[in-house]
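what follows is a protein structure lacking sequence information:
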Ligand code: GDP
């Protein structure tokens, strides 16, 4: 889609431009070629482990396919990237879980402050609202000053109600209120925005676990999604955060934001490779419509345009 390509222009310029420039200099397939490729991957935020792994696989694949020319190699690289991004073509895996009979489908959003949680909740609320679905939001970050107001603002903007609690309320209690209201009103979606303070990580993780427990206790099949929101422009730091959250909070997928920014883009590859978690959505700007489903093939091929 146009939004997707436009939004990813910078990412493509970063990672993609490097790949293109690298292939343009191509002379022959030898050890130097793969050494240089590995270095390029590391510099593009792909991460050391993934870069090494990928280069090994590409070396094998180039040999198997008897790739000799620049075009052969480009084909081999694109194939491998799609494979990693797409988890071997399992694109169903990439879609957001939705059960039309579940009233509501609960999506829980977690991630550190500034990653883009509230913005993503607002954007998704607009998408579902525009589809004619009944949507309810929950402001479960009762800790940070201004967090509730920010979500309430989004609710007004996209015309979706927001459940809030008193100042410094127990976040799980606010989530419980949200659940009750969503069940009573037969909402299709309940989108829960949570806190992301890192000053007291143990405390935050306990809080998120309690929220997950509260949801499960009331609705055993929910949450349908627990999505970790990551700022794509933070490079390998995003991977570290993902590992941290994954330890205590059972995640179902990732949202990568700010891919319209100066992101080198390689981090998508390493998160995909190391975490085995699907990227379900990408953020491509600050506006309500700047959200897209992740499309592995588009992403990989787009790098070479
Ligand atoms: P939260 O603390 O995780 O809830 O993060 P916010 O939703 O408040 O977002 C933090 C900042 O990032 C805000 O200024 C957002 O406008 C901005 N932001 C969020 N998503 C994107 C995105 O995809 N692209 C860009 N350029 N900015 C974004």
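Arrived safely. Not measured: the values here are computed from a predicted model.

in a strand, that's where residue 99 is, yeah?
No. Assigned with DSSP: H, G, I helix; E, B strand; the rest coil, residue 99 falls outside any strand and is coil.

contacting residues around it?
105, 221, 224 (C-beta atoms under 8 Å, 6 or more residues apart in numbering). Using the backbone N, CA and C atoms, a C-beta is placed for each residue, glycine as well.

which among those count as buried?
Restricting the contacts of residue 99 to buried positions leaves 105, 224, with burial counted as 16 or more other C-beta atoms under 10 Å.

check the residue nearest to residue 179 when sequence neighbours are not counted and give its pLDDT.
In this structure, residue 179 finds its nearest non-sequential neighbour in residue 218, 5.1 Å apart by C-beta to C-beta, 6 or more residues apart in numbering. On pLDDT, residue 218 comes in at 97.

from one end of stretch 215-222 to the other, what's the distance?
For stretch 215-222, the first and last residues are 6 Å from each other (C-alpha to C-alpha, to the nearest Å).

what residues of that stretch count as buried?
Buried residues in stretch 215-222 (16+ other C-beta under 10 Å): 215, 219, 222.

centroid residue for the chain?
residue 255 (1.8 Å; C-alpha atoms, centre = their mean).

that residue touches residue 231, doesn't it?
No. Contact criterion C-beta atoms under 8 Å: residue 255 and residue 231 do not qualify, at 10.1 Å.

burial count for residue 54?
Residues lying near residue 54 (other C-beta atoms under 10 Å) number 23.

please report the distance of it from the ligand.
For residue 54, the distance to the ligand equals 26 Å [C-beta to the nearest ligand atom, to the nearest Å].

how close does the residue nearest to residue 179 sit to the ligand?
From residue 218 over to the ligand (counting by C-beta to the nearest ligand atom), the distance is 25 Å.

switch to numbering from 53
Understood, numbering begins at 53; the last thing we discussed is residue 270.

any idea how far residue 311 is from that residue?
35 Å (C-beta to C-beta, to the nearest Å).

with residue 268 instead?
Between residue 268 and residue 311 the computed distance is 32 Å (C-beta to C-beta).

cool, and residue 273?
Noted for residue 273: a distance of 31 Å to residue 311, by C-beta to C-beta.

residue 92 is in contact with residue 71, correct?
Yes. Taking contacts as C-beta under 8 Å, residue 71 lies within contact range of residue 92: 7.1 Å.

look at these two and report which has more neighbours.
Just comparing residue 71 and residue 92: by other C-beta under 10 Å the higher neighbour count belongs to residue 71, 22 against 18.

circling back to that earlier point, ok, which of the contacts of residue 151 also contact the ligand?
Restricting the contacts of residue 151 to those touching the ligand (C-beta under 6 Å from any ligand atom) yields no residues.

could you give the backbone dihedrals for the residue lying closest to residue 325 once chain neighbours are set aside?
With C-beta to C-beta, 6+ apart as the criterion, residue 325 has its nearest non-adjacent residue at 4.4 Å, and that residue is residue 102. Dihedral pair for residue 102: phi -60, psi -40, per degrees, to the nearest 10.

the host helix or strand of residue 74: which residues count as buried?
In this assignment (DSSP states H and E), residue 74 forms part of helix 69-76. Neighbour-count burial for helix 69-76 flags 69-71, 74-75 (criterion: 16+ other C-beta under 10 Å).

and of those residues, the nearest to residue 211?
Among the buried residues of helix 69-76, residue 69 lies closest to residue 211 (C-beta to C-beta), at 40.2 Å.

so what's the residue of the chain found nearest the ligand up against?
Of all residues in the chain, residue 335 sits closest to the ligand, at 2.5 Å by C-beta to the nearest ligand atom. By C-beta under 8 Å, 6+ apart, the residues touching residue 335 are 168, 171-172, 175, 284, 307-312, 342-343.

which residue, other than its chain neighbours, is closest to it?
Nearest residue to residue 335, sequence neighbours excluded (C-beta to C-beta, 6+ apart): residue 309, at 3.3 Å.
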